[in-house]
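1. Sharing a model that was predicted from the sequence below.
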Amino acid sequence: MSILSTFSRKAPNRVFVSVILGALAGVCYSALIPLVLSSISPADPNFAAQNDNIESVLSFDVMNYKLAALYLVACLAILLMRSASEIILVRVASEVARELRVKFYRQIANAPLASIEKIGSAKFIAAINIDVPRIVTGGRALPVLLVNGITLIGMLGFLLYLNADVFKLVMVAIFVGAVCYQLPMMLGSRIFQRSREAEDKLQESIKGLLFGVKELKLDSNKRGMYFKKALLGREEAILGHEKKAQTIVRATMSFGDLISFFVIGGVGFIFVNYYAITPEELIGVVMALLYVTAPIALLLGAIPAIAVASISYRKLNRLIEEIPHEDINPGLVELNDWQSLTFNQVEFRYPSDTEEPGFHIGPLDFEINKGEITFIVGGNGSGKSTLSKLLTLHYMPQAGNISFGENEVNAASVTSHRQNIGAIYTDYFLFDELLMDFTGEVTAKANEYLRMLHLDKKVKIENGAFTTLSLSDGQRKRLALLVALLEEKQFYLFDEWAADQDPEFKEIFYNKILPDMRAQGKAIVVISHDDRYFPIADKILVMEQGRLVKTPSQVQLPEQETAIA
Ligand SMILES: Nc1ncnc2c1ncn2[C@@H]1O[C@H](COP(=O)(O)OP(=O)(O)OP(=O)(O)O)[C@@H](O)[C@H]1O
């Protein structure tokens, strides 16, 4: 079983001990009935001597005290071994959950950006929040399966010892019962699978609700339609699947519970008429069959959790397989100093799921120099953000090459080149922690930037973290700029940074910060529609339909050098 193998890969020794303890608990369980029966059976040769075999323990008369002591020991052994088996496996399950999540974090961090964008965040969140806990729940049900499975085997052995014909009857009943049980269970499992697929889509809708709550609140009609189509529609679909699957599973489980009573009835009312069976044997058989109903019920109860866990396990593994590992050297290599970043015949195309080919960019040829400010301008959808991801090495060229000075960017060096790049994208993320070594010098600089960006009254930096992120959009973006500046990179890209800043901060950004950075010898690329500030640029690249164009058709450029494709 794949879940058990995951558990045993994680902690082979502990899982082995858990299995052995579970098995021993099952053996002890199955020994309880024979012990009681041999104590009270009149057919027992010791029975006659039982009255002589009474001991007083704690002022109670205990008949057949040796067997009683054995019974007590078996009970205590069951208690200890079953608890230990379950505790061990539950702990391993928690560790497996943590490991699965960490594996996932690493996989996401090491995946190419294009793959993460294609798969979409909802699927990742669903996997972490739905599949991992289900796998753990399924794992926790394994000891139940084990203890009760062994008990069942033990009791079957006891039945064989009591009466071979009854044993055969029970085996036939188990076979027929298992077939009748498995078929609907498989159907239920398939419906659970459909429900799980629907949950991915629901996560997407929940994301829409959270991120689009402002728009939805403004328009009741829109909100109603969103609830109906995206949320309730998908909820209904999941509910329908779950109800169907649970009905099948629960009905099948109840049928499974009854199998042993059918067998008891069959033995008590029919079997006795055809086969010779002594009353003592009959009592033993009926007791064993009654006793076995509880393990069967527990066994059957554990199966749905394990079936659901298996579905989640497969789903998780499929997703893990779907996330490619970026085939690059994760280590750092020595790089030569560089003055220019060069694009040489660079081309990139988005993959497409339709007949229509994905957006294509290139071939692009240009240089970005240190000590210069380069603007990238162009209309919506012209490919500026796509180019920004090529410039910051998240997308790799599918043709042509990118070099920093003499160093061509390749799989061996890309991680090292990325260390030299700082960027604020349009969909930037602001971490509340400043993830850097905080020396006195850095603190002084951070405080200076806070003052310059008029944030010193709003935010402080304490223990390497911002005291608050409850800020306006413009203020948050200024904090992102502060972080970027503190990182002291050689090459910076700002994608529409100033778009939501008021004139005062636009002025500071374009006429103070950028020129200061240029004076420090940084290479700076600014994607912008702020044509008022185009004069500060040393070079302007104009994008149109994925290409650099000579004549800007959508933007009015100042009289200045325009870089050409
Ligand atoms: N992740 C993606 N997968 C597939 N196609 C994409 C993806 N991102 C963008 N595109 C496509 O690439 C084209 C260029 O988009 P891009 O975001 O680069 O333009 P842009 O110039 O930055 O536009 P804007 O000024 O509106 O931000 C668009 O037609 C878009 O459909």
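-> Great, that's in hand. Numbers count the residues shown, from 1 in each chain.

2. so which strand or helix has the residue in the stretch 51-200 of the chain that the ligand sits nearest to?
-> Of all residues in the stretch 51-200 of the chain, E117 sits closest to the ligand, at 4.3 Å by CB to the nearest ligand atom. Every C-beta, even on glycine, is put in place using the N, C-alpha and C of the backbone. For E117, the element it lies in under DSSP states H and E is helix 113-119.

3. What distance do you get for K228 to S205?
-> Applying CB to CB, to the nearest Å, the value for K228 to S205 is 11 Å.

4. if we can go back for a sec, which element follows the helix holding E117 toward the C-terminus?
-> Using DSSP H and E, the helix or strand that follows helix 113-119 towards the C-terminus is helix 121-126.

5. In terms of pLDDT, where does the residue in the stretch 451-565 of the chain that the ligand sits nearest to sit?
-> Nearest residue of the stretch 451-565 of the chain to the ligand, counting by CB to the nearest ligand atom: M543, 6.2 Å away. We have a pLDDT of 92 for M543.

6. Use 15 as the first number for this chain going forward.
-> Happy to do that; since the first residue is 15 now, the last one works out to M557.

7. If we ignore the residues flanking it in sequence, what's nearest it?
-> Nearest in space to M557, with sequence neighbours left out and distances taken as CB to CB, 6 or more residues apart in numbering, is G392 at 3.3 Å.

8. and the one you found, how many neighbours?
-> The burial count assigned to G392 is 24, neighbours taken as other CB atoms under 10 Å.

9. That one contacts S399, doesn't it?
-> No. If you go by CB atoms under 8 Å, G392 and S399 don't touch, sitting 10.3 Å apart.

10. and stretch 365-380, what's its mean pLDDT?
-> 88.

11. any low-confidence regions in the stretch 15-164 of the chain?
-> Judged against pLDDT under 70, the low-scoring parts of the stretch 15-164 of the chain cover residues 15-16, 54-67.

12. For it, which segments count as helices?
-> 16-24, 26-54, 79-123, 127-133, 135-140, 146-176 (DSSP state H, counting those that start in this stretch).

13. Most tightly packed of those?
-> Of all these, helix 146-176 has the most neighbours on average by mean count of other CB atoms under 10 Å, namely a mean of 21.

14. got the residues of the stretch 265-414 of the chain near the ligand?
-> By CB under 6 Å from any ligand atom, the part of the stretch 265-414 of the chain that sits against the ligand consists of Y364, G372, F373, G392, N394, G395, S396, G397, K398, S399, T400.

15. Buried among the residues you listed? Need that as a selection in PyMOL.
-> In PyMOL syntax, the buried subset of those is picked out as below (16 or more other CB atoms under 10 Å):
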select buried, resi 392+396+397+398+399+400
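
16. is it possible to export the residues of the stretch 265-414 of the chain next to the ligand to JSON lines including distance to D233?
-> Converted to JSON lines, these look like this (distance: CB to CB, whole Å):
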{"residue": "Y364", "distance to D233": "32"}
{"residue": "G372", "distance to D233": "33"}
{"residue": "F373", "distance to D233": "31"}
{"residue": "G392", "distance to D233": "33"}
{"residue": "N394", "distance to D233": "24"}
{"residue": "G395", "distance to D233": "26"}
{"residue": "S396", "distance to D233": "31"}
{"residue": "G397", "distance to D233": "33"}
{"residue": "K398", "distance to D233": "31"}
{"residue": "S399", "distance to D233": "29"}
{"residue": "T400", "distance to D233": "32"}
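
17. Reformat the residues of the stretch 265-414 of the chain next to the ligand as TSV; add secondary structure.
-> Putting these into TSV (DSSP: H, G, I helix; E, B strand; the rest coil) gives the following:
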residue	secondary structure
Y364	coil
G372	coil
F373	coil
G392	strand
N394	coil
G395	coil
S396	coil
G397	coil
K398	helix
S399	helix
T400	helix
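
18. which two in the residues of the stretch 265-414 of the chain next to the ligand are spaced the farthest apart?
-> Using CB to CB, the pair of those lying farthest apart is G372 and G392, separated by 18.5 Å.

19. quick revisit: hey, what's the residue of the stretch 465-579 of the chain closest to the ligand bridged with?
-> G392, L562 (DSSP bridges).

20. List the contacts of the residue in the stretch 215-364 of the chain that the ligand sits nearest to.
-> Of all residues in the stretch 215-364 of the chain, Y364 sits closest to the ligand, at 3.5 Å by CB to the nearest ligand atom. By CB atoms under 8 Å, 6 or more residues apart in numbering, Y364 lies in contact with A128, G372, F373, H374, T400.

21. Tell me how far the second one lies from R363.
-> Right, G372. Distance, G372 to R363, using CB to CB: 5 Å.

22. next one: the first one
-> A128 sits 11 Å away from R363, taking CB to CB as the criterion.

23. The longest helix anywhere in the chain packs against which elements?
-> Across the chain, the longest stretch assigned as helix under DSSP state H is helix 178-225. Judged by 3 or more CB pairs under 8 Å, 6 or more residues apart in numbering; DSSP states H and E, helix 178-225 is in contact with helix 135-140, helix 146-176, helix 234-240, helix 247-279, helix 293-336.

24. Please tabulate these in JSON lines, including the columns distance to I541.
-> Formatted as JSON lines, these follow (distance: least, CB to CB, whole Å):
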{"stretch": "helix 135-140", "distance to I541": "24"}
{"stretch": "helix 146-176", "distance to I541": "38"}
{"stretch": "helix 234-240", "distance to I541": "31"}
{"stretch": "helix 247-279", "distance to I541": "37"}
{"stretch": "helix 293-336", "distance to I541": "31"}
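
25. picking that back up, tell me which of the helices of the stretch 15-164 of the chain sits nearest to N477.
-> Across the helices of the stretch 15-164 of the chain, the minimum distance to N477, taken as CB to CB, is reached by helix 79-123, at 23.5 Å.

26. Tell me, how many residues neighbour the residue of the stretch 465-579 of the chain closest to the ligand?
-> The number of residues packed near M557 is 26, by other CB under 10 Å.

27. surely P338 meets I130?
-> No. Contact criterion CB under 8 Å: P338 and I130 do not qualify, at 10.0 Å.

28. Quick check: neighbours shared by those two?
-> By CB under 8 Å, 6+ apart, no residue touches both P338 and I130.

29. got the contact list for A212?
-> R248, A251, I252, H255.
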